[in-house]
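Trainee: sequence first, then the predicted structure:
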Amino acid sequence: MTSTVLARLKALGPIFILAVVIPTLAAILYFGVFASDVYVSESRFVVRSPSKSNISPLGLVLSGGGLSAGTEESNAVLEYLESHRALQDADNDRLLTRAYTAGSIFWLDRFGSFGRSSREHFYDYYLNRVAIENETTTQVMRLTVRAYSAKQAHDINERLLERSEALVNRLSERARTDSVTIAEREVRGAQARARQAAVDLANYRNRAGVIDPEKEATVRLQMISKLQDQLISTRTQLQQMEAYTPLASQIPYLRTQLRELQKEIDSQTSGVAGGARSLSAATARFQELELDAQLAGKQLATALASLEDARGEARRKRAYIERIAAPNLPDYAIEPRRIGGILATLILGLLAWGVLSTLLVGIREHRD
């Protein structure tokens, strides 16, 4: 029977042996005897964070509770799990190294075969064993880990998930800390400006000897108005006495009183306006300093309100990973698909044999 099979193989030609028989036999040996069992552990999770603060009331109602999928954090987790840093963090106690370099693993499947043992090679090997998929519609992420032991596949998946949670926590804490720190810095700056404006205004009051030029000017104008009333009354009385009783003894007194009233009016008027040290001259500078103090006070109030908002947002905004399905412990190896691999090798070999045979027939006909 063996001789009959060999005779048929020879009749088919060396191309069939090279393209079909040898690859299929190699596939039977690999998948049937040597290939190590591969266990697959899978976990599903979503990165959650509070909705953005500028969401509309209708959007808040429709979103249901103010929680949304953290797109930025999800992208960060996705990029992290496919990075060298994830490999380094997960392998800090050589968990991955032990899992993929064990002597029980077939040498073709084991890391380090063909002398490829550098960290870059290990990173490429890691990417072939760890897969992360993000469902864009539901924002659910699926982490799949392949290993040659059920426990190691579970442990690696759990480790990567823990490191992803730590990453999200760090990002959330950094965002909260930065927002509060910036707001506190603004408050300190506003406090310093308000304090300096108050000091400048107090120093000017001390130098000018006034508390509020506008109010003092109002008081002086009222005083001038009363003095002018007295002046008019005294002048009227003096004119009447000079006209009807020119020898009255009160006339000198009234003349003296008239001069003193006019002098006081002139003094008070020059104090309100006209001189370099008048209230009108002091009002411009005082209003400028008072405006600076008011603006500084408003800036301080705004900065304090922003600080409170930042603290409230920091208390509210915290992204986290919510596990939908924890890493499972595989019951049995689902890879490699041995029969499927052998059949695929056979089919591909037959296709290659058919193509090569057709090419050879065409070449021979062309020569003839």
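Mentor: Nice, I can see it.

Trainee: which stretches of this structure form strands?
Mentor: Under the criterion DSSP state E, the chain contains strands at 39-50, 67-69, 130-134, 141-147, 320-325.

Trainee: which other helices and strands contact the third one?
Mentor: Contacts defined by 3 or more CB pairs under 8 Å, 6 or more residues apart in numbering; DSSP states H and E place strand 130-134 against helix 71-81, strand 141-147. Every residue, glycine included, has its C-beta placed from N, CA and C.

Trainee: recalculate using a threshold of 10 Å.
Mentor: For strand 130-134, the packing partners by 3 or more CB pairs under 10 Å, 6 or more residues apart in numbering; DSSP states H and E come out as strand 39-50, helix 71-81, helix 84-90, strand 141-147, helix 150-208.

Trainee: repeat that for the fourth one.
Mentor: Contacts defined by 3+ CB pairs under 10 Å, 6+ apart place strand 141-147 against strand 39-50, helix 71-81, helix 95-100, helix 119-129, strand 130-134, helix 150-208, strand 320-325.

Trainee: flag the shaky bits of the chain, pLDDT-wise.
Mentor: Residues of the chain that meet the criterion pLDDT under 70 lie in 1-13, 50-70, 204-222, 224, 247, 265-287, 314-318, 367-368.

Trainee: please identify the most buried of the helices and strands packed on strand 130-134.
Mentor: strand 141-147 (a mean of 22; mean count of other CB atoms under 10 Å).

Trainee: next, the angle from it to strand 39-50.
Mentor: Interaxial angle of strand 141-147 relative to strand 39-50 (axes from the mean of the first three to the mean of the last three CA atoms, to 10 degrees): 160 degrees.

Trainee: may I have strand 141-147 as CSV, with CA atoms only?
Mentor: Coordinates of the C-alpha atoms in strand 141-147 are reproduced here as CSV (Å, rounded to 0.1, in the frame of the first residue of the first chain):
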residue,chain,number,x,y,z
MET,A,141,-13.3,48.0,25.6
ARG,A,142,-12.4,44.4,25.3
LEU,A,143,-9.0,43.2,26.5
THR,A,144,-7.9,39.7,25.3
VAL,A,145,-4.8,38.0,26.5
ARG,A,146,-3.3,34.8,25.1
ALA,A,147,-0.9,32.6,27.2
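
Trainee: ok now that strand, how far from the chain's centre?
Mentor: Computed by CA atoms, centre = their mean, to the nearest Å, the chain-centroid distance of strand 141-147 equals 27 Å.

Trainee: partner strands of that strand, with direction?
Mentor: Sheet pairing here is set by DSSP bridges, and for strand 141-147 it gives strand 39-50 (antiparallel), strand 130-134 (antiparallel).

Trainee: in TSV: those, plus distance to residue 245.
Mentor: Below are the strands paired with strand 141-147 laid out as TSV (distance: least, CB to CB, whole Å):
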stretch	distance to residue 245
strand 39-50	95
strand 130-134	112
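
Trainee: nearest to residue 309, out of those?
Mentor: Of all these, the one in closest proximity to residue 309, counting by CB to CB, is strand 39-50 (14.0 Å).

Trainee: re earlier: of all the strands of the chain, which one is nearest residue 83?
Mentor: Relative to residue 83, the nearest member of these by CB to CB is strand 130-134, separated by 10.8 Å.

Trainee: relative to the whole chain's centre, how far out is that closest one?
Mentor: Taking CA atoms, centre = their mean, one finds the center of strand 130-134 at 23 Å from the center of the full chain.

Trainee: would you mind getting the angle between it and helix 150-208?
Mentor: Using the same axes, to 10 degrees, one finds that strand 130-134 and helix 150-208 are set 60 degrees apart in direction.

Trainee: quick check: buried residues in strand 130-134?
Mentor: Buried residues in strand 130-134, defined by neighbour count with 16 or more other CB atoms under 10 Å: 130, 132, 134.

Trainee: how about those in JSON lines, adding distance to residue 118?
Mentor: Formatted as JSON lines, the entries for the buried residues of strand 130-134 read as follows, by distance: CB to CB, whole Å:
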{"residue": "130", "distance to residue 118": "18"}
{"residue": "132", "distance to residue 118": "23"}
{"residue": "134", "distance to residue 118": "29"}
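
Trainee: and of those residues, the nearest to residue 352?
Mentor: Ranked by distance to residue 352 (CB to CB), the buried residues of strand 130-134 are led by residue 130 at 32.5 Å.

Trainee: quick one: contacts for that closest one?
Mentor: Counting by CB atoms under 10 Å, 6 or more residues apart in numbering, residue 130 touches 81-82, 86-87, 90, 96, 143-147, 156-157, 160.

Trainee: mind picking the two most distant members of the residues you listed?
Mentor: Using CB to CB, the two most remote members of the contacts of residue 130 are 82 and 147, lying 17.6 Å apart.
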